[in-house]
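Engineer: Here is my input; please provide its structure:
(2 chains)
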Protein chains: 2
Amino acid sequence: MNGEFDIIQRYFTASTRAPRKDVVLSIGDDCAITELHPNHRLVITTDTLVENSHFLPTISPADLAYKSLAVNLSDLAAVGAEPAWVSLALTLPKVDHQWLAEFSQSFFQVLDHYNVDLIGGDTTKGPLSLTITAHGLIPKGRALCRHSAKAGDWIYVSGTLGDSAAGLHLLQQKSPQCRESIEESAVENAKVYLCQRHLRPTPRVLLGLELAISGLSTTAIDISDGLLADLGHILNRSQCSAVIDLDKLPLSEQLMRCFDDKTAQSFALCGGEDYELCFTVSEANRSKMERALANIGVPVTCIGQIHQGQKSSIQFRHQGKPVMIDSATGFDHFR
Amino acid sequence: MNGEFDIIQRYFTASTRAPRKDVVLSIGDDCAITELHPNHRLVITTDTLVENSHFLPTISPADLAYKSLAVNLSDLAAVGAEPAWVSLALTLPKVDHQWLAEFSQSFFQVLDHYNVDLIGGDTTKGPLSLTITAHGLIPKGRALCRHSAKAGDWIYVSGTLGDSAAGLHLLQQKSPQCRESIEESAVENAKVYLCQRHLRPTPRVLLGLELAISGLSTTAIDISDGLLADLGHILNRSQCSAVIDLDKLPLSEQLMRCFDDKTAQSFALCGGEDYELCFTVSEANRSKMERALANIGVPVTCIGQIHQGQKSSIQFRHQGKPVMIDSATGFDHFR
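Structural biologist: Numbering: from 1, shown residues only, chains lettered A, B, ... in the order given. The predicted structure follows:
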């Protein structure tokens, strides 16, 4: 696009920290060149965000920058890789300097927080969209995968589930089904919290690293499409089934404050974009894993167990009894 | 997008050759994992093509697939890297199975030709655009760059210049300034050739590899924005100037057949997207380089020489005498 060099020079060479030592040639050339690390493998992931499909036109440039990086870092976290470098392909309808300034400032804040370098990309003219390719490094043989869950393993998730879907619901300004008994300001605070969880999900980089390096878990996925869909990928690849205890689903106080039980459960099971990790741990590693994660301050909850047979199927329990759940909506119509 | 898994399964797992041995985990997961090569560095480049900005809406899916890969492979060629893996972020307005079948078949033809693996990407719904991130490998210390040209070095280009811009001109159906003396079928054939050079430029992968591995050149760039603009990048980075002999510009018979001398020269100097390499060679390496390239069958032409001083300036000669050229249009209005 016209002025591409100026845009890159002005907005995308702004990291406040020293560049990574493994970056030999960085942004500004047609290619970036990086050093390879002995005994490591390279982990590569690509995600595109398109206006209206992946974000609302009302999103702020700062939130968009955050989210576009978070979803890619979350993919690296699901493998347990240490994030290293990203390239950014940014397609813009016009050159808006205010927008670019806010976007790039937020972008570098996230990069600097995770010690990641922007090494290149492309700036083009067209309908607003972003494609980020993120590169991470993992010691050989340590990558978390989807195909190694075994019957008897316990199923864990990090953080709380459903907040992002609830936040999206609120942002779309559909009438929230708020509980009437709670005073209004607490509800307002809770709504702000849920919207923030949608706009600024936490990529679980530290958790992924800890699980991969410790070897206490080998199976993980990030929850981008919803717990049922993403746990389904693990079950499908690992050729096993699962039992989920609905009473154990970690729901935030804010979610419970703004929505009724059924809606909250639906968001937690089927709402996407929480970017928490879902992972499995053997009985033998369970207490060691819980101690290790407590040490690094990442909250995790055991929500069920892997079982043999019936590839991909998930059974649900509520107060110890089996219940039927609509896997598309997360509602149990018989409860 | 809906049916993303089906699209990937159906259209993007179709390579006819065995996967590369350095790909540990490939398309279908959130991340790809690749082996790193000892004593090599990683070369990464990203290019986005947006409908109407970078390609005409009339382009065939097969040509679009070819071109999107060619422009990225050309960036790797400019560094002298061996292409290894690509990720493809494909944004489509709708799921058109005929389009996807033709696109993916052509995409894998190019990948297979260069022994490159598709390792991942993203499929999203939105206005048609593609972002490819291509990864290549280069032995440490061998990368061609832009900042190492020295006074006295000879300036070479591969292939012929201006064909792509001429082809674009013809595709846009402006009235071509054809010479009247040539019989019509020859002109028609020439037009088809020029359009093909625009739609299917040759990434100079082999040339880049030869220059980098032999060490006979250290300075190169691919001509994407036009000779004057791209040679300008070399001069700017290397802090030197150049003299170009207009009589030496390699112009195809087809270009000369369809356009007058002035227009052909303008296309050659300022028309972009030829994706030929422009590189410099010292006097000491000149004959060795010419022999080496003759052996691998890549045509190259010496078009001028690097001079000291006047950073970035380019002087032009015609029949041994200095001429003034408008650097924006490539026309010499005084000739």
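Engineer: in the stretch 101-250 of chain A, what spans have low per-residue confidence?
Structural biologist: A:174-183 (pLDDT under 70).
Engineer: helix/strand/coil for the residue sitting nearest the centre point of chain A?
Structural biologist: The C-alpha lying nearest the average C-alpha coordinate of chain A belongs to A:Y275 (Cα atoms, centre = their mean; 2.3 Å). When classified by DSSP: H, G, I helix; E, B strand; the rest coil, A:Y275 comes out as coil.
Engineer: check contacts around it.
Structural biologist: Contacts for A:Y275 (Cβ atoms under 8 Å, 6 or more residues apart in numbering or on different chains) come out as A:70-71, A:74, A:164, A:201-204, A:222-224. Using the backbone N, CA and C atoms, a C-beta is placed for each residue, glycine as well.
Engineer: ok, and which of those residues reach chain B?
Structural biologist: Judged by Cβ under 8 Å from any Cβ of the partner chain, the overlap between the contacts of A:Y275 and the neighbourhood of chain B comprises A:222, A:224.
Engineer: and of the contacts of A:Y275, the nearest to chain B?
Structural biologist: When these are compared for distance to chain B (Cβ to the nearest Cβ), A:D222 comes out closest, at 7.0 Å.
Engineer: Tell me the bridge partners for the closest one.
Structural biologist: Using DSSP bridges, the bridge partners assigned to A:D222 are A:L277.
Engineer: OK, contacts around it?
Structural biologist: By Cβ under 8 Å, 6+ apart, the contact set of A:D222 is A:74-75, A:77-78, A:203-204, A:230, A:275-278, B:30.
Engineer: mind putting these in a markdown table, distance to B:A268 included?
Structural biologist: As requested, the contacts of A:D222 are arranged in a markdown table below (distance: Cβ to Cβ, whole Å):
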| residue | distance to B:A268 |
| --- | --- |
| A:S74 | 48 |
| A:D75 | 44 |
| A:A77 | 50 |
| A:A78 | 50 |
| A:P203 | 49 |
| A:R204 | 54 |
| A:D230 | 54 |
| A:Y275 | 51 |
| A:E276 | 56 |
| A:L277 | 55 |
| A:C278 | 58 |
| B:D30 | 45 |
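Engineer: tell me the least confident of these?
Structural biologist: By predicted confidence, the contacts of A:D222 are weakest at B:D30, whose pLDDT stands at 77.
Engineer: Tally up the residues packed near it, please.
Structural biologist: Counted with other Cβ atoms under 10 Å in any protein chain shown, the neighbours of B:D30 add up to 25.
Engineer: Contacts only, for it.
Structural biologist: When contacts are counted by Cβ under 8 Å, 6+ apart, B:D30 is found next to A:45, A:75, A:78-79, A:221-222, A:224.
Engineer: Compare these and tell me which is most surrounded.
Structural biologist: A:A78 leads the contacts of B:D30 on contacts (other Cβ under 10 Å) with 33 neighbours.
Engineer: what about the strands in chain A?
Structural biologist: Assigned strands in chain A, in chain order: A:23-25, A:32-35, A:40-50, A:82-92, A:117-125, A:129-139, A:154-158, A:219-222, A:241-245, A:277-281, A:300-307, A:314-318, A:321-323 (criterion: DSSP state E).
Engineer: could I get those strands as a markdown table with distance to B:L249?
Structural biologist: Listed next are the strands of chain A as a markdown table, based on distance: least, Cβ to Cβ, whole Å:
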| stretch | distance to B:L249 |
| --- | --- |
| strand A:23-25 | 30 |
| strand A:32-35 | 31 |
| strand A:40-50 | 39 |
| strand A:82-92 | 33 |
| strand A:117-125 | 29 |
| strand A:129-139 | 37 |
| strand A:154-158 | 61 |
| strand A:219-222 | 53 |
| strand A:241-245 | 67 |
| strand A:277-281 | 58 |
| strand A:300-307 | 66 |
| strand A:314-318 | 67 |
| strand A:321-323 | 77 |
